[in-house]
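Trainee: Provide a 3D model corresponding to the input given below.
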Amino acid sequence: WRLFDPFEPQVWVSIIATLFLFSLALLLLEPSTRPPPEPGPWPMSGAFVGALYHTFSTLLSGEELQWRTGPGRILRLGLLFFAILTTSTYTANLAAFFTAPGVVYYGPQDMAQLRLAKAFVVEAEEAVQVRPFVAEVVAAY
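Mentor: Reported below is the predicted structural model:
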């Protein structure tokens, strides 16, 4: 599941919700995606699944739909912009995720915490140099 680490769960939910909204808009703006209604309780379910397929495939650079109407083409531009924004952000976060240092720093993180810290030194000369910056110096000698 590390594949999903570059984005927070809320971002994944918003991406999927946006793709669902694009699918609804695609059904409204592109008549070629609306086949005749099927009999049954969900007459447009096949059309919505097809529209959902086209929006997800656009995000994955596998678009195959012929956009015929002007509003549909404008929707396509918005979907392509969303796709490039999502994939580039994901790629950048993935690169940062893989290049993050594996070193964990313990101890004070700023000068205010350093003034309250206890320092351990090995040499007596080190105690003289460190003493002005910490609350207590413990020597090993």
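
Trainee: List the buried residues in the lowest-mean-pLDDT helix or strand in the chain.
Mentor: For the chain, scoring each helix and strand by mean pLDDT, DSSP states H and E identifies helix 45-59 as the least confident one, at a mean of 85. Residues of helix 45-59 classed as buried by neighbour count (16 or more other C-beta atoms under 10 Å): 47-48, 50-52, 54-55, 58-59. The C-beta positions use only the backbone N, C-alpha and C, and glycine is treated the same way.

Trainee: What helices and strands are in contact with it?
Mentor: Contacts defined by 3 or more C-beta pairs under 8 Å, 6 or more residues apart in numbering; DSSP states H and E place helix 45-59 against helix 9-29, helix 70-99.

Trainee: and these as TSV, adding mean neighbour count, distance to Glu64 and mean pLDDT?
Mentor: Converted to TSV, the helices and strands packed on helix 45-59 look like this (neighbours: other C-beta atoms under 10 Å; distance: least, C-beta to C-beta, whole Å; pLDDT from 0 to 100):
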stretch	mean neighbour count	distance to Glu64	mean pLDDT
helix 9-29	15	13	93
helix 70-99	13	12	91
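
Trainee: With distance to Gln129 as added columns, please give the ones you listed in JSON lines.
Mentor: Listed next are the helices and strands packed on helix 45-59 as JSON lines, based on distance: least, C-beta to C-beta, whole Å:
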{"stretch": "helix 9-29", "distance to Gln129": "47"}
{"stretch": "helix 70-99", "distance to Gln129": "34"}
